[in-house]
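In: Okay, sequence plus prediction incoming.
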Protein chains: 2
Amino acid sequence: MINFTYQNPTKMVFGKLVEEQVGELTKKYGKKILLHYGSRSIKQYGLYDRIIRSLQAADVAYVELGGVIANPSLELVYEGIKLCKKEHVDFILAVGGGSVIDSAKAIAMGVYYPHDVWDFYVKGVVPKQALPIGTVLTIPAAGSESSIATVITNYKAGLKRACRFDILRPVFAVMNPEITMTLPPYQTASGVIDMIGHVIERYFTNTSHVSLIDRMSEGLIRTVIEQGRIVMNNPTNYDARAEIMLAGALAHNGSLGVGRIEDWACHNMEYEITQVSGISHGHGLAILYPVWMRYVMDHDVERFAMFANKVFDVPYSDDLETMARTGIDFLEAFYREMGMKMSLREVGITKDQLPQMADLVSKSGTITIGNFVTLDRNDILTIYTNAL
Amino acid sequence: MINFTYQNPTKMVFGKLVEEQVGELTKKYGKKILLHYGSRSIKQYGLYDRIIRSLQAADVAYVELGGVIANPSLELVYEGIKLCKKEHVDFILAVGGGSVIDSAKAIAMGVYYPHDVWDFYVKGVVPKQALPIGTVLTIPAAGSESSIATVITNYKAGLKRACRFDILRPVFAVMNPEITMTLPPYQTASGVIDMIGHVIERYFTNTSHVSLIDRMSEGLIRTVIEQGRIVMNNPTNYDARAEIMLAGALAHNGSLGVGRIEDWACHNMEYEITQVSGISHGHGLAILYPVWMRYVMDHDVERFAMFANKVFDVPYSDDLETMARTGIDFLEAFYREMGMKMSLREVGITKDQLPQMADLVSKSGTITIGNFVTLDRNDILTIYTNAL
């Protein structure tokens, strides 16, 4: 285990009708807030009305900015920053999934930054200050409701990039599993796969003696697989929705990454898949993980055998390689069971697009990605090709 | 799963030599602090000197109050409150195990309370304010370094009592596993058993559909059993000490209790055992859990069978009762392996003492304890008798 510092002050307010507490939670931080959301869908199910009523009851004034899209755009972030400055907003309430929350985080740090907020994503600039953010989560997947991460897409530049700063962690996360019952199957499945991915990126590490977090991580993945199957067959099962929603937060709040070096190669490779094909982030990850795992498994076949045993009950044997491959096969089969097309070709990506994608990930071969196994431009291209 | 609110803002600073950061961590909160500790043992290993140097380098002034004993006394708490008021202390740094930290928590809320601080423990009074606390942990066991709980003994009244308030959660927990390498076997074992206990108290619940936390809890218990065996044979194994130290915090920071009703009957019954016999809290728990489990297992034999399967690999069969009993036997054998005498008689408690102990726990039969199975005075006496 390596030295670490970990702090997660996000207040999780979880359960039925907890969105009715949002006004009281918000008024500790803001007098005039930005209500940030995506589509009108939050208005369809009465969620918008309940939030507005709660804000009004707590005497919290608000301005609105909707229109956040999947893979949230830098353009709308600029608009949000302008609006917050003009209206002297002191708090952002993000109502939505990871895209809305990530957009809110970008706006929050952009308000205090005199230059281009995109600098935080591509130039390594560290924000000194950010508006506090609260969240009402509607899509469990990204874990952004209690994470330090934000991912924004600069459509003009054709770049999707992430950054992570402690000051971006939301002050509260209001999480009502009932709200997630109406999510369509593709979005539900993508969320389930995304949260498993957040654990996989941390689980495959070169840091030794991290048994405690390994065991807790395996427990999380097992539960999400089990409960994911339940909600695909019965979308209105509250209990399964609750397990998944809680898992989404725990998978990415950083607690399962303490004391170890994390990987994140597949997340980096995935962004280009979403960019090119328009499929969900979770779907892109589903295509990548089995391919990546088979590409890197020789590096630590014991760890892959352990994964197979602890997550999929593959019995221990002397043949660790077969154990490892069986575990990866089970993972791939689960993704397929969740309705995912499991090749890049099936989602409309052609072979001739792959070199440019590899170039973008590796910044034309100038950087490598991943820590479990370091991948250069050629590795990335091979993995994309194997995923075709 | 039931609705819940959870927040744990404690900053965990973990690893080798992290105590050298304590000055920088402290100066954000305090200009003049109370340095609270137990015996001189912190001075033997250079820890005290490193902390003093770090505080001085950060220009933090301090007054000292040592002398905290196992089962910390209300008398010393009074002394600490007086000292903090007189010296205008604005922060308490607790260097020690659960006893020191619990004592610090009592002082922290006593400083702002015009009446007797004992009211918080026995009268249900809720503190409005408390001094912030930081901790340097030397004994992983109680989890007090990032918990909201404090347990104090009023020796005059012969009462050991706990209370829990969010404002008592320490602002930071400095955790260096190296410091724990010199702990004697009995204290090491007691800590391991105590942290497993903190998970057991939450695991046995009547709340259904709590799979995620169940799986993570089982993973924690498995790891602590595995690593506990390692440190008993090799006390200076850093990696195993690190796993145990981290587990101690996670076992009791509340995260494994979210969304469920917790039990805590055995903790309530244990306090009297320590009071009467002077054995460690962990030792008392080791004696109680197997007896309590056999007494209540019929209430939910499926859960006990699951515990047996997931923690001790007892294979699933149609005979859940045998599965459950086998799991309890394994747990009991582990406690014995850790060096614990496994009956009240062996630790010097006699049959004639039991009725008064049961009276004290049940407040002369006026209250019941436990939520998984509610226990009245007669149940408590039976469990004590079965543990004899």
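Out: Noted; the coordinates are in hand.
In: Next, count neighbours for A:Val291.
Out: 23 (other C-beta atoms under 10 Å in any protein chain shown). The C-beta positions use only the backbone N, C-alpha and C, and glycine is treated the same way.
In: Can you read off the pLDDT for it?
Out: Looking at A:Val291, its pLDDT reads 98.
In: mind listing the helices for the stretch 201-350 of chain A?
Out: Taking DSSP state H, counting those that start in this stretch to define them, one finds helices in the stretch 201-350 of chain A at A:211-233, A:238-252, A:265-277, A:281-296, A:301-312, A:320-337.
In: Any chance of JSON lines for those, columns distance to B:Glu201?
Out: Shown next, in JSON lines, are those (distance: least, C-beta to C-beta, whole Å):
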{"stretch": "helix A:211-233", "distance to B:Glu201": "18"}
{"stretch": "helix A:238-252", "distance to B:Glu201": "20"}
{"stretch": "helix A:265-277", "distance to B:Glu201": "37"}
{"stretch": "helix A:281-296", "distance to B:Glu201": "36"}
{"stretch": "helix A:301-312", "distance to B:Glu201": "25"}
{"stretch": "helix A:320-337", "distance to B:Glu201": "34"}
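In: Buried deepest among those, which one?
Out: helix A:238-252 (a mean of 26; mean count of other C-beta atoms under 10 Å in any protein chain shown).
In: other SSEs contacting it?
Out: In terms of contacts (3 or more C-beta pairs under 8 Å, 6 or more residues apart in numbering or on different chains; DSSP states H and E), helix A:238-252 is packed against strand A:4-14, strand A:172-175, helix A:185-203, helix A:211-233, helix B:211-233.
In: Tell me which of those sits nearest to B:Leu320.
Out: helix B:211-233 (16.3 Å; C-beta to C-beta).
In: can you give me the angle the closest one makes with helix A:301-312?
Out: 130 degrees (axes from the mean of the first three to the mean of the last three C-alpha atoms, to 10 degrees).
In: thinking again about what came up before, among the helices of the stretch 201-350 of chain A, which is nearest A:Ile349?
Out: Per C-beta to C-beta, nearest to A:Ile349 of the helices of the stretch 201-350 of chain A: helix A:265-277, 5.4 Å.
In: Just want the angle from that closest one to helix A:185-203.
Out: Angle, helix A:265-277 to helix A:185-203, by the same axes, to 10 degrees: 150 degrees.
In: quick one: which helix or strand includes A:Thr150?
Out: Per DSSP states H and E, A:Thr150 falls inside strand A:149-154.
In: for A:Val136, same thing?
Out: Assigned by DSSP H and E, A:Val136 belongs to strand A:133-137.
In: partners of that strand, with directions?
Out: If you go by DSSP bridges, strand A:133-137 pairs up with strand A:91-96 (parallel), strand A:172-175 (parallel).
In: Alpha carbons only: can I get it in CSV?
Out: Extracted in CSV, the C-alpha atoms of strand A:133-137 (Å, rounded to 0.1, in the frame of the first residue of the first chain):
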residue,chain,number,x,y,z
ILE,A,133,-22.0,22.7,-6.2
GLY,A,134,-24.9,20.6,-5.1
THR,A,135,-26.4,17.8,-7.1
VAL,A,136,-29.7,16.0,-7.6
LEU,A,137,-28.7,12.8,-9.4
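In: quick check: mean pLDDT across it?
Out: 98.
In: Other residues contacting that strand?
Out: A:19, A:22, A:25-26, A:29, A:47, A:51, A:91-97, A:101, A:104-105, A:108, A:144-145, A:168, A:170-176, A:179, A:245 (C-beta atoms under 8 Å, 6 or more residues apart in numbering or on different chains).
In: same question, stretch A:336-353
Out: A:185-186, A:189, A:192-193, A:228-229, A:232, A:273, A:276-277, A:279, A:283, A:286-287, A:290, A:332, A:335, A:354, A:384-385, A:387-388.
In: Show the overlap between the residues you listed and what lies near chain B.
Out: Counting by C-beta under 8 Å from any C-beta of the partner chain, nothing from the contacts of stretch A:336-353 sits close to chain B.
In: So which residues on the stretch 151-300 of chain A come close to chain B?
Out: Close to chain B, as judged by C-beta under 8 Å from any C-beta, the stretch 151-300 of chain A has residues A:208-209, A:211-216, A:218-220, A:222-224, A:226-227, A:239-240, A:242-243, A:246-247, A:250, A:255, A:258-259.
In: Walk me through the domains of chain A.
Out: Structurally, chain A divides into domains by automatic domain parsing as follows: A:11-178, A:183-386.
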